[in-house]
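S.K.: I'd like to go over a predicted model; first the sequence, then the structure.
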Amino acid sequence: MGHHHNHGHGHSHGHSSNKRALFLSFIIIASFMVVEVIGGILTNSLALLSDAGHMLSDAVALGLSFFAIKLGEKQATAAKSYGYKRFEIIAAALNGLTLIAISIYIFYEAVQRIMDPPAVQSMGMLAISVLGLIVNIIAAWILMKGDKDENLNVRSAFLHVLGDMLGSVGAITAALLIYFFNWGIADPIASVIVAILIIISGWRVTKDSFHILMEGAPEQIDASSIRSSLEGIASVKEIHDLHIWSITSGVPMLSCHIAITEEGRHDEVLREAQTALHNQYGIDHSTIQVERYEKGCPSAHGTCN
């Protein structure tokens, strides 16, 4: 009876600012991570090394996110009709899983050190962690200017850096406790706190990205509300085979069948449906099949349900 595909172009507004933000923060974080690894080894601090582990995952996250946005710019082809935008979500998922793995390793190391706290050079540890905090604040500020509310990738990178800032605060606190009170145990405890932060942000990013990869409906869109909006159009009898999913952050898609009465006008219903989807829900990519209700349903199931 008729298909219609409608494309929107609202996705590029924060694009170049995202790229610049990700690239700049990648350079800053990756450079400092090297400093932190060397510092962690020289001062024998697990808190610094766990922070460096977090920074490594940050650098990987930022690098992947930057690469994903670059790849997402590639034009769609006949074989990949949606282009490469979904790679952003795959990157975010890998990112989340890496975070979870790193935090498990830090927990393991910390337990060993709590049993047998080694000597830690607190002043060196303090200097490096203060520097780390400053670096993270700069990176977070850069990413805040990106499109972090819209883009899952930028948001995951921002969460990483935020966790890192807290990690630096933990390392600073531990260094001060070791220096003033000689509490060697403060070092592994600080690293456990970092690990908890890492695992929380890792879980969140993984869950969000898997939801998109499993073609889940975007959280900000209510399917039952869309159904009643479409059913409210004059001469629409019912809506079926309604699917809502997203290709990547901020690109929702919809497909459905609309059964109309005998006197309903195909083109008018289609136009009204698309206008409602665009104005009320920000959905610009929709494939809608309009069919006569009386003639039954030509979809695979044979019935309209």
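M.R.: Thanks, I have it.
S.K.: low-confidence ranges in the stretch 101-250 of the chain?
M.R.: Under the criterion pLDDT under 70, the flagged ranges of the stretch 101-250 of the chain are 147-150, 153.
S.K.: phi, psi of residue 287?
M.R.: Main-chain torsions, residue 287, degrees, to the nearest 10: phi -120, psi 110.
S.K.: Kindly state the beta-bridge partners for it.
M.R.: In this entry, residue 287 is beta-bridged to residue 5, residue 255, by DSSP bridges.
S.K.: Can you tell me how far it is from residue 257?
M.R.: Separation of residue 287 from residue 257 (Cβ to Cβ, to the nearest Å) stands at 10 Å. Where C-beta positions appear, they are placed from N, C-alpha and C, glycine not excepted.
S.K.: With residue 202 instead?
M.R.: Counting by Cβ to Cβ, the gap from residue 202 to residue 257 is 40 Å.
S.K.: residue boundaries of the helices in the stretch 51-200 of the chain?
M.R.: Using DSSP state H, counting those that start in this stretch, the helices of the stretch 51-200 of the chain run over 87-115, 122-144, 152-181, 186-213.
S.K.: residue contacts, residue 94?
M.R.: Residue 94 sits next to residue 64 when contact means Cβ atoms under 8 Å, 6 or more residues apart in numbering.
S.K.: coming back round to it: between residue 202 and residue 257, point out the one with more neighbours.
M.R.: residue 202 (25 against 18; other Cβ atoms under 10 Å).
S.K.: Surely residue 237 is in contact with residue 260?
M.R.: Yes. Residue 237 lies in contact with residue 260 (Cβ atoms under 8 Å); the separation is 6.3 Å.
S.K.: burial measure for the residue lying closest to residue 130 once chain neighbours are set aside, as a count.
M.R.: Spatial nearest neighbour of residue 130, chain neighbours left out: residue 172 (6.1 Å); criterion: Cβ to Cβ, 6 or more residues apart in numbering. Neighbour count of residue 172, defined by other Cβ under 10 Å: 20.
S.K.: Return the distance of residue 172 relative to residue 133.
M.R.: From residue 172 to residue 133 the distance is 7 Å (Cβ to Cβ).
S.K.: that older thread, I'd assumed residue 134 was in contact with the residue nearest to residue 130.
M.R.: No. In this structure, residue 172 is not within contact of residue 134 by Cβ under 8 Å, at 11.1 Å.
S.K.: Run through the residues that contact residue 175.
M.R.: Under the criterion of Cβ under 8 Å, 6+ apart, the neighbours of residue 175 are 45, 47, 120, 122, 123, 125, 126, 129.
S.K.: Residue 70 now?
M.R.: By Cβ under 8 Å, 6+ apart, the contact set of residue 70 is residue 19.
S.K.: got it, and residue 58?
M.R.: Residue 58 sits in contact with 29, 33, 139, 157, 160, 161, 164, where contact means Cβ under 8 Å, 6+ apart.
S.K.: Could you export those as TSV, including distance to residue 208 and neighbour count?
M.R.: TSV is the format used below for the contacts of residue 58 (distance: Cβ to Cβ, whole Å; neighbours: other Cβ atoms under 10 Å):
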residue	distance to residue 208	neighbour count
29	22	29
33	25	23
139	21	28
157	13	32
160	14	32
161	17	27
164	19	30
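S.K.: Buried ones among the contacts of residue 175?
M.R.: Among those, those classed as buried by 16 or more other Cβ atoms under 10 Å are 45, 47, 120, 122, 125, 126, 129.
S.K.: need the contact list for the closest residue to residue 208 other than its chain neighbours.
M.R.: Once flanking residues are discounted, residue 208 sits nearest to residue 152: 6.0 Å by Cβ to Cβ, 6+ apart. Going by Cβ under 8 Å, 6+ apart, residue 152 touches 88, 89, 92, 205, 208, 209, 212, 248, 249.
S.K.: thinking again about what came up before, which neighbours do residue 172 and residue 134 share?
M.R.: Shared contacts of residue 172 and residue 134, counting by Cβ under 8 Å, 6+ apart, come down to nothing at all.
S.K.: Which of the three states applies to residue 16?
M.R.: helix (DSSP: H, G, I helix; E, B strand; the rest coil).
S.K.: Show me whatever sits in contact with both of residue 237 and residue 260.
M.R.: Residues touching both residue 237 and residue 260 by Cβ under 8 Å, 6+ apart: residue 293.
S.K.: So for those two, which residue has more residues nearby?
M.R.: Shown here are residue 237 and residue 260; by other Cβ under 10 Å, residue 260 has more neighbours (23 against 16).
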